[in-house]
Structure formats: structure tokens, C-alpha cells
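Enquirer: with the sequence up front, the predicted model follows.
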Amino acid sequence: MNKTVHIKIERGDDGMTLREVLEKISELQEENPDREVFFDGDEYAICSRPKK
């Protein structure tokens, strides 16, 4: 899979709220309309991959 990690979030880090994560996902979706942006729970990161 051609996955790109945009933002890695440290587990237990209180520096980023859920609202900020969702806002960042929205920003990345607007900036990258050709990519599917998502939160990867295994990587604990905001990632994207090419749309099919």
C-alpha cells in the first residue's frame, strides 16, 4: 500500500485534541483531493493514500 504518514501523534500526548485532529484531516483532504486522508489507529497517525 502506498500510504503516506502526515502527522505522527505520540500516545498519551495531551497536546493535540480530537477537534484538532479532525480539523487537520479536513485541511489535508482539501490540499490533497486525489488522496484518501484517514486516521490510522495502528500507526496513531494521520495518513493518506491515493484514491482508487
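Expert: Alright, I've got the coordinates.
Enquirer: okay, and the beta partners of C47?
Expert: V5, F38 (DSSP bridges).
Enquirer: now the helix or strand E30 falls within: buried residues?
Expert: Element membership for E30 (DSSP states H and E) is helix 18-31. Using 16 or more other Cβ atoms under 10 Å as the burial criterion, the residues of helix 18-31 that qualify are K24, I25, L28. Placement of C-beta: from N, CA and C, glycine included.
Enquirer: for the residue positioned nearest the centre of the chain, give its distance to K8.
Expert: Centroid-nearest residue in the chain: I46, 1.8 Å away (criterion: Cα atoms, centre = their mean). Distance, I46 to K8, using Cβ to Cβ, to the nearest Å: 8 Å.
Enquirer: same check on L28?
Expert: L28 is 14 Å from K8, by Cβ to Cβ.
Enquirer: what's the answer for L22, then?
Expert: Applying Cβ to Cβ to L22 and K8 gives a distance of 17 Å.
Enquirer: ok but P33 is inside a strand, no?
Expert: No. Assigned with DSSP: H, G, I helix; E, B strand; the rest coil, P33 falls outside any strand and is coil.
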